[in-house]
Every structure is written in structure tokens, then in C-alpha cells.
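Undergrad: Pasting the sequence and the predicted coordinates here, then a few questions.
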Amino acid sequence: MECISVFDMLKIGVGPSSSHTLGPWRAAERWIYELKSENVFDKINRIKVDLYGSLSLTGKGHATDLAVMLGLSGADPETIPTETIDIIIASIKNAEKIVLNNERIIDFNTESEIVFNKTFLPFHANGITFTAFAEEEIHQSTFYSIGGGFVIKEARTVHEENVELKKEFPFPIDKATELLAFCKSEDKNISEIVLENEKSLRTPDEIDFELNRIWQTMLECMFLGCHSEGTLPGGLNVRRRAFDMHKNLNIEMPYTSPQEWLEAIRHSEVKFRQILKWVSCFALSVNEVNASLGRVVTAPTNGSAGVIPSVLMYYMVIENHEADFKHIKQFLLVASEIGSIFKKGATISAAMGGCQAEIGVSSAMAAGALCELLGGSPEQVMIAAEIAMEHHLGLTCDPIGGLVQIPCIERNSMGAIKAINAAELALETNPENVKVPLDKVVDTMWETAKDMNTKYKETSEGGLAIRVNMADC
């Protein structure tokens, strides 16, 4: 049974895509590690990177080539100052050289040595092959970016997923029914079960530290998005909207930091008709930062990174002005477990399942988490997650220009609103009357994903992507 940590589902990284940016970045890091482990790193004088399938078809718009270069250079997506990314990339392109792992300078022409193949490898839609040469080929390795920043090789093991090798959780869970059974037998809510599993990997202080780091990254991302104006990069000329929405919502109290900003909103008079505007503003702000290669939290992916923080902010500024870290922790624990159930039973990769696998899963995660905070039983939490996903089934991924902008940014707003609605519906539902359990929806989502035409799976070969040209924008 696969043991997925909270911090596997919620990762800090650089946008715009967990599968196309963070995954290839981590794959490049792992390849460098392989080269060193096999004592060939110091022999290399040339490298080549081949991108396949969705990584190739939408790789330019998703900054896959940039992520590969940054990973090969030894930069860390969690800590790199994002304002230096353009400088590093420009240096590599202009000099036609790359400093491998910030240690060895070799020749590197980005036009010839990052190859965008249009073919798909059989194992997964997101394939990337690294080849190293001395006078001849000395090492080759292929990785697959399977969504949410998870990276595997074809011989799949937990270790190869870039997931720390874990002993079995005290409460091993693959399905919602198993989670509910543990809640019943242990007389605990979902967040308590998840916390017990996490405590088998880390100390309580370490868990709190990392969860707070996740939350602070989310909060800072929303703050930055609400205070940044202008046009997003990439050629679509999409104007940032969170700045104007935030300005029009009139927060009068002065503030100089994300935390003061949060308190200013919580103590303002939010009119009923403004609630949806605030939720949309929070969601848009995150994904505008994501689209501009900013730092976000995969939740469970970068393309869907705005749903969970915006719903958590909704709880803090609308439902409970006294909410504190205890509530934030509870929300993130529940959300991560719901995400892991979808990952194990279906997919969180748009390249495999369309946008239902990203916005749909994030909406289900947020709905369930909100439901528990609002007093829902474990059964009602599962109902909330089921309702949210049920109304995202079949959602395609057809990004215009291969960019994580249209329709991706607005979909986070829609996913957040659906999550709130799903939580409210679940609280009014008697679990004895439920007709569709969460596990059935997970299965259905996976079957729908397998039936979906490839052109609607993050390839920009169908839907909006072929009906709206870059020139039209």
C-alpha cells in the first residue's frame, strides 16, 4: 500500500505547472544525482534532453525547457529567488553554456539540446529522457512526470516517486471506505487519522513547522497576486484581474505584510454580495502568480493551486474570524488525504485525465476540508468531496497557447465556488441517503479519463486551444 505524506500532496514550487515545470525540474535534479552516483558526472562534455508527449506539445507554454535548465543548474524550486529565473535562463542562452549542478561548465545550446518530440512514450504522457556524452553516449535515463510534482521511472517504486521511503502508516488508506472505517473504529475525525499517520514520519513540531510553511507560502502568494498589476507573460496578453478586484473591494485598514492584510480583511465589513468576489479574487491571485513563474503550493497541482487557499481564506474571513493555526492545520490534513485517495485510485495529472484530474480533485479536497471545519462528520466530508468531483467529471484540459492561463486561471475560481457549495450541500445531507459514495466517483473519474480523447488532455490539440489563436488575443 502506497504511503503518501501530506507534504507529498502539498509541495512548494515554482509555476506554472507541477507536471510540466516542477516535475521536470525535479527529474533533472534526480538525473544529476544518478550521474554522480555512477561516477560519470565529471566526464560529461555534452548533454541532450528529449521531451515527449504532453511535455513536448505544451512544454513551451508551461516553461518545461526553463525548468529543465534550472534543475540541471542546481537551483531549488522551493528557495530560488523567483526574480533571478530570467537572469539565469538568459545567461544560459546567451553564453550557450550551462553550469551543471552549479559545479561544471559545459557547452549547451538550448535550441539543439532540448528537443520537443511530438511522439508519446508508452508508459506515460509526460516523458523526459536525459542523455550524457563524453566522446560518446555514457549515460541515459528516462523519467515520467505524473502530476503534482511526482516523478517516477518506469520500474515504479515508492522511492522512485521522489517520495521518501516510508514504513507503513498505522492507518493505511487507499480508499474512502477504509478511511471511514478507521474514523469509526478509532472514534476520530479525518484530520486526526491523517495526523496519526503523519506522526509516524515526523515529530509533531516538524509537522506544525511544515504545515505553517505551506500556509505562509499560500498566504504570501495571495497577497502578492492581489498587489501585482499588469499583463501575464507568454504572449496571450492576459491582464491580471486580482489587483483590480482587490482594489474595488475597498480594504481601508493599512497593512504592510501578508498577515496584516489577512487581519484587515477579517475585520472589514464584507457584504453578502462581496463574498463570491472575495473567493474569486483569492483564487485568481494565486494562479496569476503561478502563471508568471511565481512560487505557489501544488494543491494538488500548480494549475489548480488557487482552489484550496481561496476556500481556506473563505473560512477565515467569512465563516470564522477567530480561526487560527489549529483550523489551518485541520483543513490541510483533510485536503491532503482526499487528494491522495484520488491519486491512488485515479490520477492528478491533466495529461492523463484532463482538467477533472486537477481542478476537480482540488475542488473535492477543498470541499471535504471545509466540511470538517464547519462541523461535518467524516461521512459528510466524503459526501462533500464526492459532490465536488461529480460536478467536474469530464472536464477537459485545452489550454490556449499551451499556457496555464486560459481557461485555467478562471477555473480555479469556479472550482473554489463549487467546493463551498458542495460542503454546504453535504452538511444538509443524511449519509444514510447517499446514492454515490466517493470511491465510485474516483473510479468513474479514472474511467472517464481513459475514455477521454488525447487531444483534450493537456496537448492543446482540441477544444478552446484550437479555436482561439494566440493572434486573436
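TA: Nice, I can see it.

Undergrad: ok, residue 365 - contacts?
TA: Contacts for residue 365 were tallied using CB atoms under 8 Å, 6 or more residues apart in numbering; they are 299, 300, 307, 308, 334, 335, 336, 338, 339, 385. (Each C-beta comes from the backbone N, C-alpha and C, glycine too.)

Undergrad: most surrounded residue in those?
TA: Tallying neighbours with other CB atoms under 10 Å puts residue 307 at the head of these, with 36 neighbours.

Undergrad: Could you count how many residues lie near the residue nearest to that one when sequence neighbours are not counted?
TA: Spatial nearest neighbour of residue 307, chain neighbours left out: residue 362 (3.9 Å); criterion: CB to CB, 6 or more residues apart in numbering. Using other CB under 10 Å, residue 362 is surrounded by 33 other residues.

Undergrad: Including distance to residue 189, could the contacts of residue 365 go into TSV?
TA: Output for the contacts of residue 365, formatted as TSV (distance: CB to CB, whole Å):
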residue	distance to residue 189
299	21
300	21
307	22
308	19
334	8
335	14
336	14
338	13
339	17
385	14
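
Undergrad: and which of the residues you listed is nearest residue 458?
TA: The closest of the contacts of residue 365 to residue 458 turns out to be residue 300 (CB to CB; 15.0 Å).

Undergrad: Backbone dihedrals for that closest one, please?
TA: The phi and psi values for residue 300, taken as degrees, to the nearest 10, are phi -90, psi 0.

Undergrad: pLDDT wise, what is residue 268 at?
TA: The per-residue pLDDT reported for residue 268 equals 85.

Undergrad: try residue 256
TA: For residue 256, pLDDT reads 88.

Undergrad: Check whether the most far-flung residue of the chain relative to its centre sits in a helix, strand or coil.
TA: Farthest-out residue of the chain from its mean C-alpha position, per CA atoms, centre = their mean: residue 135, at 39.7 Å. What DSSP: H, G, I helix; E, B strand; the rest coil gives for residue 135 is coil.

Undergrad: Buried residues, the host helix or strand of residue 386. List them.
TA: Assigned by DSSP states H and E, residue 386 belongs to helix 378-390. With burial defined by 16 or more other CB atoms under 10 Å, the residues of helix 378-390 counted as buried are 378-390.

Undergrad: returning to that earlier point: can you tell me the closest non-neighbouring residue to the residue farthest from the centre of the chain?
TA: residue 45 is the one closest to residue 135 (CB to CB, 6+ apart), at 7.9 Å.

Undergrad: Please tell me how far the one you found sits from residue 38.
TA: Relative to residue 38, residue 45 is positioned 16 Å away (CB to CB, to the nearest Å).

Undergrad: Residue 376 - nearest residue in space that isn't next to it in sequence?
TA: Using CB to CB, 6+ apart, the nearest residue to residue 376 is residue 427, at 5.5 Å.

Undergrad: Which of the contacts of residue 365 sits closest to residue 26?
TA: So of these, ranked by how close each gets to residue 26 (CB to CB), first place is residue 300, at 15.2 Å.

Undergrad: residues in contact with the closest one?
TA: Residue 300 neighbours (CB under 8 Å, 6+ apart): 9-10, 18, 147-148, 339, 342-343, 348, 358, 361-362, 365.
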